[in-house]
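Asks: turn this into a structure:
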Amino acid sequence: MKQVRGGFVVVELVVVLAVAGVLSGAAWLFFAAGSRQSEQLDRQAASLQSRVTLVERLGTDAAEAFRLSLGTDAAGTGTLQLFKLIPADPLPASGSEATAKPSEPCALQVRTVVYAFDTTACTLLRDGQALTLPCLSGLSFAAGPDGKVRVTAFHRPMPGQSPPPTFTLTLRPGAAAPSGALAAWQPAMDEKP
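Replies: Next up, the predicted model:
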């Protein structure tokens with residue numbers, strides 16, 4: 001009579017462990033590749049958000065400005081000053097308080113908006129308030145022809161990649177940012193890891 005034995009033979013255990021090791025190694029490779037892809041997409045999204053914020057904020061302020069000027073802040077870095085005309089007196093809150101006729105001219109005052117790039121914190125400041133632009137490592141303002149200002153943004157290189165090219169935006173008083181500004185910056189978003 002043969003004895004029925006329970007359990008596994010050592011050879012069976014080695015085969016099972018080898019197969020489990022191969023499967024877990026393959027699963028780890030897929031997980032690591034997905035994680036790298038996710039990190040790259042997060043960096044690209046942050047970079048695109050920085051660009052959109054920069055174009056929207058500067059473009060809106062330039063469209064409302066009648067003059068652009070370059071200046072120097074306390075740290076000696078360049079600043080951009082935008083001069084806007086705004087009503088001196090706020091409009092009445094309700095119709096019963098309205099005494100001015102619509103055809104009467106309204107007093108205007110000049111408001112200056114100042115942009116500066118803080119190199120220590122890598123932050124763009126608008127009138128001292130920080131704008132969230134996480135991917136910028138530098139920003140410069142330069143005079144262009146006919147009262148235009150050229151804004152050049154430098155992006156942080158992504159780990160394992162060459163630094164993306166600098167991005168230039170030309171602003172002029174009374175005009176919004178060019179509609180193709182972001183399209184010119186698109187190639188850096190398509191870089192492969």
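
Asks: what is the burial count for Gly128?
Replies: 7 (other Cβ atoms under 10 Å). Backbone N, C-alpha and C define where each C-beta goes, glycine included.

Asks: end-to-end on stretch 145-156?
Replies: 29 Å (Cα to Cα, to the nearest Å).

Asks: buried ones in that stretch, by neighbour count?
Replies: Val149, Val151, Ala153, Phe154, His155, Arg156 (16 or more other Cβ atoms under 10 Å).

Asks: would you say the third one is within a helix?
Replies: Spelled out, that is Ala153. No. Assessed with DSSP: H, G, I helix; E, B strand; the rest coil, Ala153 is strand; it does not lie in a helix.

Asks: for the buried residues of stretch 145-156, which one is nearest Leu58?
Replies: Checking these against Leu58 with Cβ to Cβ, the nearest one is Val151 at 6.3 Å.

Asks: right, and the closest one touches Ala143 too?
Replies: No. Counting by Cβ atoms under 8 Å, Val151 does not reach Ala143; the two are 11.4 Å apart.

Asks: thinking again about what came up before, can you lay out the buried residues of stretch 145-156 as a markdown table showing pLDDT and distance to Asp127?
Replies: Listed next are those as a markdown table, based on pLDDT from 0 to 100; distance: Cβ to Cβ, whole Å:
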| residue | pLDDT | distance to Asp127 |
| --- | --- | --- |
| Val149 | 85 | 17 |
| Val151 | 84 | 17 |
| Ala153 | 81 | 19 |
| Phe154 | 80 | 23 |
| His155 | 76 | 24 |
| Arg156 | 74 | 25 |
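
Asks: reduced to three states, what does Arg51 come out as?
Replies: Arg51 ends up helix, using three-state DSSP.

Asks: could you measure from it over to Pro87?
Replies: 32 Å (Cβ to Cβ, to the nearest Å).

Asks: helix or strand for Ala62, which one?
Replies: helix 10-64 (DSSP states H and E).

Asks: and that helix, what other elements does it pack with?
Replies: strand 78-87, strand 108-118, strand 123-126, strand 129-131, strand 149-155, strand 167-171, helix 181-189 (3 or more Cβ pairs under 8 Å, 6 or more residues apart in numbering; DSSP states H and E).

Asks: quick check: bridge partners of Ile86?
Replies: Note on Ile86: beta-bridge partners Gln109, judged by DSSP bridges.

Asks: residue contacts, it?
Replies: Leu108, Gln109, Val110, Arg111 (Cβ atoms under 8 Å, 6 or more residues apart in numbering).

Asks: what is the neighbour count of the first one?
Replies: Think Leu108. Quick note: Leu108 (other Cβ under 10 Å) scores 12 neighbours.

Asks: now swap in the second one and tell me
Replies: Burial of Gln109, expressed as a neighbour count using other Cβ under 10 Å, amounts to 10.

Asks: that one reaches Ala88, doesn't it?
Replies: Yes. At 4.5 Å, Gln109 counts as touching Ala88 under the criterion of Cβ under 8 Å.
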